[in-house]
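Peer 1: No sequence on hand, only this structure:
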């Protein structure tokens, strides 16, 4: 067994195990990073198989996508940072059956299908041809999406920082008032006569 075969089996095991752990963990943030690990292992397998473009593209796309997902979980999840225990699987029986059927179908296709042999002609540049085919007419779209994702990541980091959107996050946030210097919008205020809380109408 060569080192390429050994690396293939190790990476395949990492991809399958981390993909399984995505549905076994109890945190959206941990699930995001486990899914990222699974995709990175698949990208490394692509490199071993000689699909350089697809492997590198998978690295870049999944790294950004999973990082944005994790940051959004930290910012928007109702439980703190998406780390509270929660069930990650809905309809577990249906999900298990669908997963087994999909795995068997893909495995049977990979092992039993008669794929055609099409050697690459001498002097051809398959990576360049594939890149032109995928991005030739869509370069502006991809570049715009990249800038948008970068701005989103920066915005998420700023909004989830300690300073908070409406004040220090560890001291309780206070939304701005409807008028300069007024009470926070939608916040209950103390009733001077009873000491209780009265809600604004």
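Peer 2: Here it is on my side, so go on. On a predicted model such as this, the values are computed, not experimentally measured, just so you know.
Peer 1: alpha carbons only for contacts and neighbour counts from here, please
Peer 2: Fine.
Peer 1: what's the helix or strand for residue 38?
Peer 2: Per DSSP states H and E: residue 38 is located in helix 28-48.
Peer 1: Quick check, residue 74 in contact with residue 29.
Peer 2: Yes - counting by CA atoms under 8 Å, residue 29 is a contact partner of residue 74 at 7.4 Å.
Peer 1: The helix holding residue 38: how far from the chain's middle?
Peer 2: 10 Å (CA atoms, centre = their mean, to the nearest Å).
Peer 1: Who has more neighbours out of residue 74 and residue 29?
Peer 2: Comparing residue 74 with residue 29 by other CA atoms under 10 Å, the one with more neighbours is residue 29, at 24 against 20.
Peer 1: number of nearby residues for residue 65?
Peer 2: 13.
Peer 1: and it, which of the three is it?
Peer 2: Three-state call for residue 65 (DSSP: H, G, I helix; E, B strand; the rest coil): helix.
Peer 1: And the pLDDT at it?
Peer 2: pLDDT for residue 65: 78.
Peer 1: repeat for the one 4 residues further on
Peer 2: In the prediction, the pLDDT value recorded for residue 69 is 77.
Peer 1: Tell me, how many residues neighbour it?
Peer 2: 17.
Peer 1: Report the contact partners of residue 142.
Peer 2: Contacts for residue 142 (CA atoms under 8 Å, 6 or more residues apart in numbering) come out as residue 135.
Peer 1: give me the element it is part of.
Peer 2: For residue 142, the enclosing helix or strand under DSSP H and E is helix 139-159.
Peer 1: ditto for residue 69
Peer 2: Applying DSSP H and E, one finds residue 69 within helix 52-76.
Peer 1: Which residues in that helix does the neighbour count mark as buried?
Peer 2: Neighbour-count burial for helix 52-76 flags 52-55, 58-59, 62-64, 66-75 (criterion: 16 or more other CA atoms under 10 Å).
Peer 1: Please tell me I have it right and residue 33 contacts residue 71.
Peer 2: No - taking contacts as CA under 8 Å, residue 33 lies outside contact range of residue 71: 10.9 Å.
Peer 1: picking that back up, the helix holding residue 69 to helix 28-48, inter-axis angle?
Peer 2: Per axes from the mean of the first three to the mean of the last three CA atoms, to 10 degrees, the angle that helix 52-76 makes with helix 28-48 is 170 degrees.
Peer 1: could you say what helices and strands helix 52-76 packs with?
Peer 2: Secondary-structure packing of helix 52-76 (3 or more CA pairs under 8 Å, 6 or more residues apart in numbering; DSSP states H and E): helix 28-48, helix 126-135, helix 139-159.
Peer 1: contacts for it?
Peer 2: Residues outside helix 52-76 that contact it (CA under 8 Å, 6+ apart) are 28-29, 32-33, 35-36, 39-40, 42-47, 80-82, 127, 130-131, 149, 152-153, 156-157, 159-160.
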